[in-house]
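Novice: Kindly generate the corresponding structure for this input.
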Amino acid sequence: MSPKTDLEVFIRRHLATVWLPDDLAKPFVGPFDPGLFLRADVDGELVGEVGQWGLIRPGAPARKDMIQPKAIPGKKPGAARPRSTNNARLETVATSPTFRAAWGEGRRCLIPASWYQEPNWETGRNVWWQLKRADGQPWMLAGIWNHWTDPGTGEIVPSYTMLTCNCDGHPLLGRLHKPDSKLPIDQQDKRAVVHLEPADWSTWLSGSVDQARDLIRPATAEFFDQADAIATDDLLAAVK
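Specialist: Below is the predicted model of the structure:
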């Protein structure tokens, strides 16, 4: 089934009155691409909105904050690169200049996804895992959103980011991302996005900051389709 069919049927089943944009058919959303998120409007009604995946800092001069490389004597300057704002860490979301206003003012959103991908390095190289739910349903990921005004044109630009939390020790998610060789195995600070079940959606969107914070935790391993984990285990077994 296409993402449009999967996600729209899922959303309609649980949120029958939510307004959705006409075109939800983009099969893959990468950093700074447009993607769908669900938020409450000023009247408390849910609306679907398409915005940039990568929150734009309030007052930013452009859609992307560019990081200038350090000048090294005798070397040609490298190219500037955009600052990653696709994920917001739970531990710093309340203090980060990029995220603190959206978090503190309760601009929380739900981000539907048929799957998402993360890197696994257990074989010594990057093997992308496509993380799906075991029951075949889409994820509904926890996020925050912002409306940024382009200072040059006056255009209102929606954007959003996903919350992440620590998942060290998680039997599935703890296997993802490249380990830091400088840190002990129990202090890697592996990160996970946060799935919310329908019973928690209302609290996430309209509850207090403390109530929202209590919902930020990794989904249990049983939630996940294990196909990529099994394939990686087979690769590791073959090497041994």
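Novice: how near is the nearest residue to His170 once chain neighbours are set aside to Ile230?
Specialist: The shortest distance from His170 to any non-neighbouring residue, by C-beta to C-beta, 6 or more residues apart in numbering, is to Pro218 (5.4 Å). C-beta: built from backbone N, CA, C; applies to glycine. According to C-beta to C-beta, to the nearest Å, Pro218 and Ile230 sit 20 Å apart.
Novice: more crowded one of the two?
Specialist: Pro218 (22 against 10; other C-beta atoms under 10 Å).
Novice: ok, that one touching Lys190?
Specialist: No - under the criterion of C-beta atoms under 8 Å, Pro218 makes no contact with Lys190, lying 9.5 Å away.
Novice: what's the burial count for Glu105?
Specialist: Number of residues near Glu105 (other C-beta under 10 Å) recorded here: 11.
Novice: swap in Leu141?
Specialist: Look at Leu141: counted by other C-beta under 10 Å, it has 21 neighbours.
Novice: So in terms of bridging, what pairs with it?
Specialist: Applying DSSP bridges to Leu141 yields these beta-bridge partners: Ile111, His195.
Novice: follow-up on the earlier one: if I look at Pro218 and Lys190, which residues touch both of them?
Specialist: Shared contacts of Pro218 and Lys190, defined by C-beta atoms under 8 Å, 6 or more residues apart in numbering, comprise Cys167, His170, Leu173.
Novice: OK, contacts around the closest residue to Leu90 other than its chain neighbours?
Specialist: By the measure of C-beta to C-beta, 6+ apart, the closest residue to Leu90 outside its immediate chain neighbours is Cys165, 4.7 Å from it. Taking C-beta under 8 Å, 6+ apart as the criterion, Cys165 is in contact with Arg89, Leu90, Arg191, Ala192, Val194, Ile216, Arg217, Pro218.
Novice: Throw these into TSV and include distance to Asn126, pLDDT and secondary structure, thanks.
Specialist: Shown next, in TSV, are the contacts of Cys165 (distance: C-beta to C-beta, whole Å; pLDDT from 0 to 100; DSSP: H, G, I helix; E, B strand; the rest coil):
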residue	distance to Asn126	pLDDT	secondary structure
Arg89	22	97	strand
Leu90	25	97	coil
Arg191	16	95	strand
Ala192	18	96	strand
Val194	23	97	coil
Ile216	27	97	coil
Arg217	26	96	coil
Pro218	21	96	coil
